[in-house]
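1. Test case, fold it:
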Amino acid sequence: MTLSRASGILLHITSLPGPFGIGDLGPNAFRFADFLASTGQRIWQLLPIVPIGYGNSPYAGLSTFAGNPLLISPELLRDAGLLEEADLTIPPDFAEDPTRIDFPAVIAFKEALLRRAFERFGAGAMDQASFDAFCEKQSAWLDDYALFETLKDDQDNRVWTAWDPPLAAREEKALASARRTFYAEIRMHKFWQFLFQEQWSALKTYCNARDIQLFGDLPIYVAHDSADVWANPELFYLEPDGTPTVVAGVPPDYFSETGQRWGNPIYRWKEMENNGFAWWVNRFSKMTEAVDLVRLDHFRGFEAYWEVPAEEETAVKGRWVKGPGATLFDTLKSRLGHLPVIAENLGLITPEVEDLMARYDFPGMAILQFGFDGDADAGFLPHNYVPELVAYTGTHDNDTVVGWWTNTASTQSADAVARAHQYCRQYLAFKNEDDIHWAFTRALFGSVAGLAIVPLQDLLGLGAEARMNTPGLGDGNWAWRFRAENLTKDLAHRLKLVTEIYGRAAIRQPEFDTVED
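-> Predicted structure coming up:
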């Protein structure tokens, strides 16, 4: 895939400002799109937009096909006649720290509003024809997802393997009874997906009209406690009781002596191949309808993956197993045509993985923050970039630039940290440490990499308090939000100038007389 020279910002929807405790698809999302357009940015990169599960993580979603109902905008529901102004009274707790999401409070507040909206819909507040058409079109995944969510509520939010055995085993008599008993609840969950789809489509149309592409994220694996695994157990390596026999992870490396045991169930790739990879075709089709570009997480796992026995507490005793490789991507191309994929190729990348990327012209990634731990040959350094590359100052999984620079609790030795900082200082040739995040941004934007992406936290020069995720940390992740006043005119002017100087804006001629650095 040929990348047009452009730049953009990584910001998850939940991190947008707003009065309801969490960012959503309402007015502030459109305002952020306006900010992107006004500064010449043409990419808005997002994390997965699925319903969150364990740890509030978008990478542990309850469905890979569904949208997160918490992202539905109450203001847009009011405008559609599904809520009244009085319904939008803000809980006082939401104002205590508008830069952090209190997930339990947000979930309780948002679900109450969404239930109210469904009641008004049932009372005739909206035409039902478009909703019925949506349900019919999306039935392949929507029916199972809505039933899964309903049963999970009824079963005290327990993992599906702990449900009543007939329901866990999907016995048809038990499912038919549940569909009759919980008809209204099932329909409500479908309605919430309809609302999400309507609001998401409106935002995507708005962005695309302003030459902004939405860049989504597709994790290779799905959560065990999800509608995907419950509804398709034959596609995963599971015990008769539904628990995994083997799970995903990565082997021990420089960063971890015990590797990483992710815990996701492993696909039965041969079974998937025998039915034409139908589940993957549907998954990619849904994803490419929602976004313009797709970051395919842990691309390495499609060539070969680290398989860990489920009973192991760490990833040490795993093994490499061949993945589907070209067989999967040939099928996807034949069914869907062009695949707008960016391969997340961080970590241990073999020649076989590089060959698979090259076969389909999938660009890879580079993280500038990682470049200073090695030498001049490091692929993460800008002088080693190539045009078909997406370059980042950092991602959602590592510290902010300022946090990295000021971190006194690094897992590396003091000597290693000092060397990396000295190399960084010499390489970027900056004098004012307060501007280190702009030194990173300039180096990225000035490189030959086709796309340059900066997390908003780095543009704002925020420290570790704004980190989105710390892998291995069970609590406190995914909660950061920015404040509307953070997007100042000075920030917009500076970003616009850097974007234009390095030829990443739609308008190639810098307006030096109107924009100051």
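
2. Give me the below-cutoff pLDDT ranges for this structure.
-> Across the chain, the ranges flagged by pLDDT under 70 are 255, 408-411, 507-517.

3. Quick check: buried residues in the lengthiest helix in it?
-> Using DSSP state H to define each element, the chain has its longest helix at helix 183-209. Buried residues in helix 183-209, counting neighbours by 16 or more other C-beta atoms under 10 Å, are found at 185-200, 203-204, 207. From N, CA and C alone the C-beta is placed, and that goes for glycine too.

4. can you confirm Tyr145 is in a helix?
-> Yes. According to DSSP: H, G, I helix; E, B strand; the rest coil, Tyr145 belongs to a helix.

5. strand partners of whichever helix or strand comes after the longest helix of the chain, parallel vs antiparallel please.
-> Following helix 183-209 in sequence order, the next helix or strand is strand 213-218 (DSSP states H and E). Partners of strand 213-218 in the sheet, by DSSP bridges, are strand 43-45 (parallel), strand 293-296 (parallel).

6. mind checking the backbone torsions on Trp262?
-> Trp262 adopts backbone torsions of phi -70, psi -40, taken as degrees, to the nearest 10.

7. can I assume it is in contact with His224?
-> No. Taking contacts as C-beta atoms under 8 Å, Trp262 lies outside contact range of His224: 10.2 Å.

8. how about the strands in the stretch 151-300 of the chain?
-> Secondary structure of the stretch 151-300 of the chain (DSSP state E, counting those that start in this stretch): strands located at 213-218, 246-250, 260-265, 293-296.

9. could you check the angle helix 183-209 makes with the first one?
-> Which is strand 213-218. Orientation check (axes from the mean of the first three to the mean of the last three C-alpha atoms, to 10 degrees): strand 213-218 against helix 183-209 gives 140 degrees.

10. just the helices in the stretch 351-500 of the chain please.
-> Using DSSP state H, counting those that start in this stretch, the helices found in the stretch 351-500 of the chain span residues 351-359, 401-406, 414-428, 436-446, 456-459, 489-501.

11. and the fifth one, what does it pack onto?
-> Yep, that's helix 456-459 we're talking about. strand 6-10, helix 436-446 (3 or more C-beta pairs under 8 Å, 6 or more residues apart in numbering; DSSP states H and E).

12. rewinding a little: when Trp262 and His224 are compared, which one has more neighbours?
-> When neighbours are counted by other C-beta atoms under 10 Å, Trp262 and His224 differ, and His224 comes out ahead with 24 against 20.

13. List the residues that contact the closest residue to the more buried one other than its chain neighbours.
-> The shortest distance from His224 to any non-neighbouring residue, by C-beta to C-beta, 6 or more residues apart in numbering, is to Pro265 (5.1 Å). Residues in contact with Pro265 (C-beta atoms under 8 Å, 6 or more residues apart in numbering) are 221-222, 224, 229, 236-238, 244, 246-248.

14. so which of these is the most crowded?
-> Most neighbours among the contacts of Pro265, by other C-beta under 10 Å: Val222, with 27 neighbours.

15. got the contact list for that residue?
-> Going by C-beta under 8 Å, 6+ apart, Val222 touches 61, 64, 228-229, 264-265.

16. List just the nearest of these to Leu456.
-> Lowest distance from Leu456 to the contacts of Val222 (C-beta to C-beta) belongs to Gly61, with 22.5 Å.

17. what residues are up against the residue nearest to the closest one when sequence neighbours are not counted?
-> Spatial nearest neighbour of Gly61, chain neighbours left out: Val50 (3.2 Å); criterion: C-beta to C-beta, 6+ apart. Neighbouring residues of Val50 by C-beta under 8 Å, 6+ apart: 58, 61-68.

18. What about Ser177, how many residues nearby?
-> For Ser177, the count of nearby residues is 13 (other C-beta under 10 Å).

19. how near is it to Pro166?
-> As judged by C-beta to C-beta, to the nearest Å, Ser177 and Pro166 stand 9 Å apart.
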